[in-house]
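Chemist: Kindly return the folded structure for what I paste below:
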Amino acid sequence: MKVLVVSQYFWPESFIINDLVKTLSAQGHVVKILTGKPNYPDGVVFNGYSASGTQEEKFESSVSVFRAPLRPRGTSGAKNLILNYLSFILNGLKHYPGAVKGDAYDAIFVFAPSPITSVIPAIYLKWKLKSHLVVWVQDLWPESLSATGFIKNKAILRVVGWLVKGIYAFVDTLLVQSRAFQGPVARYSDPGKVVYYPNSYQDAPPSVEETRISEALLAELDNHFCLVFAGNLGTAQSVETLVEVADKLRHLSQVRIVLVGSGSMLSWIESQKKSRGLDNLILAGRFAATEMPHFFSRAQGLLVTLKQDEAFSYTIPSKVQAYLAAGRPIVAALDGEGTRVILEAGAGLTTAAQDAEGMARCIEQLFHMTSDERESLGRAGRAYYLEHFEMKRQSQRLVEILSSRINELKGSSK
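Modeler: From the prediction side, this is the model:
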């Protein structure tokens, strides 16, 4: 199959689409990427790239990557974020058609975390290339805009809803990362377009190469009972819960809460750590995805949190798949689908979103388990991952879904 991937985010930014593209290519499919200049999550264009001008390069030696100019998202502020979103749309409409002139593709595949507006350049390409347009919905708009507080005005949210409905009208297949997404997405589209296709994870053992993790941090991980949270430290992740949990676990001198990552709430966490004297809260910083197995293999448990909101209850945070693959117990403060998956897998302990007291109790319960009991939780999670979220299997399933949908639409048009 020949697939054109449109994504505002791509390698060297750390997103699931990188591994999916790598896997599709390894399985013999031809993939080309249309993207922007990498600047997530810190809002500064990565070294080796410039915000202006177009750029072409190779990913994994065989995948062509075309990058249009992109205004970086900056460090803060709604204005910068909106300009970043608009920049991707306008520069995509301007530069992407020329980058694929004369090409033919079986499908145009849009990886769509926020913003859903990133689909707009692909809609134009669908018309130009006469290809099947597929959108992998990672975030619910307008619900997530309301849930994060980015937009509070109900009239504006209604307008965004109309925009989403218009975008979905041009899409041939809507893939949703959670079963709970099916209803909300179908409210803005033809339900017949909506297909469940979960996030997957590319399993990888710890690298044998020398790690960039400091010896001091490795010693903390090896010599204490460490619970690791890995990923974005933003408003949606309810990092306030993690700070409260650390505060409530002071009496367990062996326990450490280790936050690996960066994001908009990092400075707030730093100030709370200092003002409260939370020596059991470790801010490890941001590391490449290849370093995560070093953290996961040493952790006694892996943490996942989200804010308490209906929109977030529909979501399975992508770190859940990575945690299941790692074969370590999971402790979650989540509502809805994320909790369902963890409990169905038998992979850990859960409490309600933003319930710091409940999460602290879960961690204390995990702390007092035997090592065999903790290992049993990890093995159950690993088995569930292999059955439901393993990347190679899910890549094959994606091709099956696309082939089926393309043939279905061709048949209905005769």
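Chemist: how about the strands in the protein?
Modeler: Using DSSP state E, the strands found in the chain span residues 2-6, 30-35, 55-59, 63-67, 107-112, 132-137, 173-176, 194-196, 225-230, 255-260, 281-285, 301-305, 330-333, 348-351.
Chemist: Next, format these as JSON lines and append mean neighbour count.
Modeler: C-betas here are computed from N, CA, C, even on glycine. Formatted as JSON lines, those follow (neighbours: other C-beta atoms under 10 Å):
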{"stretch": "strand 2-6", "mean neighbour count": "23"}
{"stretch": "strand 30-35", "mean neighbour count": "22"}
{"stretch": "strand 55-59", "mean neighbour count": "13"}
{"stretch": "strand 63-67", "mean neighbour count": "19"}
{"stretch": "strand 107-112", "mean neighbour count": "26"}
{"stretch": "strand 132-137", "mean neighbour count": "25"}
{"stretch": "strand 173-176", "mean neighbour count": "24"}
{"stretch": "strand 194-196", "mean neighbour count": "17"}
{"stretch": "strand 225-230", "mean neighbour count": "23"}
{"stretch": "strand 255-260", "mean neighbour count": "23"}
{"stretch": "strand 281-285", "mean neighbour count": "18"}
{"stretch": "strand 301-305", "mean neighbour count": "26"}
{"stretch": "strand 330-333", "mean neighbour count": "28"}
{"stretch": "strand 348-351", "mean neighbour count": "23"}
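Chemist: Reformat those strands as a markdown table; add mean pLDDT and distance to residue 97.
Modeler: Output for the strands of the chain, formatted as a markdown table (pLDDT from 0 to 100; distance: least, C-beta to C-beta, whole Å):
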| stretch | mean pLDDT | distance to residue 97 |
| --- | --- | --- |
| strand 2-6 | 98 | 11 |
| strand 30-35 | 98 | 10 |
| strand 55-59 | 97 | 15 |
| strand 63-67 | 98 | 11 |
| strand 107-112 | 97 | 12 |
| strand 132-137 | 97 | 15 |
| strand 173-176 | 97 | 22 |
| strand 194-196 | 96 | 28 |
| strand 225-230 | 98 | 38 |
| strand 255-260 | 98 | 40 |
| strand 281-285 | 96 | 40 |
| strand 301-305 | 98 | 40 |
| strand 330-333 | 98 | 44 |
| strand 348-351 | 98 | 47 |
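Chemist: Which one of those lies nearest to residue 339?
Modeler: strand 348-351 (4.6 Å; C-beta to C-beta).
Chemist: Distance from the chain centre to the closest one, please.
Modeler: 21 Å (C-alpha atoms, centre = their mean, to the nearest Å).
Chemist: before we move on, what about stretch 138-147?
Modeler: Its chain's C-alpha centre and that of stretch 138-147 lie 14 Å apart, by C-alpha atoms, centre = their mean.
Chemist: So which residues of the stretch 101-250 of the chain form helices?
Modeler: 120-129, 143-147, 154-170, 182-186, 215-223, 239-248 (DSSP state H, counting those that start in this stretch).
Chemist: Of all those, which one is nearest residue 371?
Modeler: Closest to residue 371 of those is helix 215-223 (C-beta to C-beta; 14.8 Å).
Chemist: now the angle from the closest one to strand 281-285?
Modeler: For helix 215-223 against strand 281-285, the angle by axes from the mean of the first three to the mean of the last three C-alpha atoms, to 10 degrees is 130 degrees.
Chemist: Worst mean pLDDT among the helices of the stretch 101-250 of the chain?
Modeler: Mean pLDDT is lowest for helix 143-147 out of the helices of the stretch 101-250 of the chain, coming in at a mean of 79.
Chemist: picking up where we left off before, got CSV for the helices of the stretch 101-250 of the chain, with distance to residue 114 too?
Modeler: Below are the helices of the stretch 101-250 of the chain laid out as CSV (distance: least, C-beta to C-beta, whole Å):
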stretch, distance to residue 114
helix 120-129, 14
helix 143-147, 7
helix 154-170, 11
helix 182-186, 14
helix 215-223, 31
helix 239-248, 18
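Chemist: quick one: which of those helices is nearest residue 47?
Modeler: Per C-beta to C-beta, nearest to residue 47 of the helices of the stretch 101-250 of the chain: helix 215-223, 23.8 Å.
Chemist: okay, which residue is most central for the protein?
Modeler: residue 318 (4.7 Å; C-alpha atoms, centre = their mean).
Chemist: isn't it right up against residue 14?
Modeler: No - counting by C-beta atoms under 8 Å, residue 318 does not reach residue 14; the two are 10.3 Å apart.
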